[in-house]
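Student: what shape does this take:
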Amino acid sequence: MAELESVSSTLTISSTALTTLELPDLASVGGSLLIADNAALTTLDLSTLTSVSEGVGISDTVLTTLDLSALTSVGKNFNIRTNTNLTAIDLQALTTVGGSLAIFQNSVLITFDLPEIM
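Tutor: Numbering: from 1, shown residues only. Sure thing, here's the model as predicted:
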């Protein structure tokens, strides 16, 4: 999926055995972005994702870092939860969340970069 640049509706990656998910050219999602119940997922590349029209949910992975540093807007709710190995989140470009922003049950999270909203 390395050349995928946009998704017009919802993108769901759920209940897989994936260890790596690389979407380095993905810039926009027209619906929601849901990455959930991927118990082996250690690497996620969404380095060029700038906008999600609806919600974002990232949960139940073993990611250690979450780099969404190009993401500027989320149209609805944004939830990052229950990622047991997650130590760092980079949301340095995020300026708009149209609903709630909830980051919880990431028990080893120590670095959270969100300078444009805070």
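
Student: give me the distance between the spatially most central residue of the chain and residue 65.
Tutor: Note on the chain: the residue nearest the mean C-alpha position is residue 58, at 5.5 Å, using C-alpha atoms, centre = their mean. Counting by C-beta to C-beta, to the nearest Å, the gap between residue 58 and residue 65 amounts to 12 Å. Heads up, the C-betas are built off the backbone N, CA and C, glycines and all.

Student: before we move on, what about residue 80?
Tutor: Applying C-beta to C-beta to residue 80 and residue 65 gives a distance of 12 Å.

Student: now do residue 56
Tutor: 16 Å.

Student: swap in residue 24?
Tutor: From residue 24 to residue 65 the distance is 15 Å (C-beta to C-beta).

Student: for residue 57, same thing?
Tutor: Distance from residue 57 to residue 65, by C-beta to C-beta: 18 Å.

Student: compare the two and say which one has the larger neighbour count.
Tutor: The residue with more neighbours, out of residue 57 and residue 65, is residue 57; 18 against 14, by other C-beta atoms under 10 Å.

Student: and the more buried one, helix, strand or coil?
Tutor: strand (DSSP: H, G, I helix; E, B strand; the rest coil).

Student: any idea what it is bridged to?
Tutor: Using DSSP bridges, the beta-bridge partners of residue 57 come out as residue 34, residue 79.

Student: looks like it contacts residue 83 (just checking).
Tutor: No: with contacts counted by C-beta atoms under 8 Å, residue 57 stays clear of residue 83, the gap being 11.2 Å.
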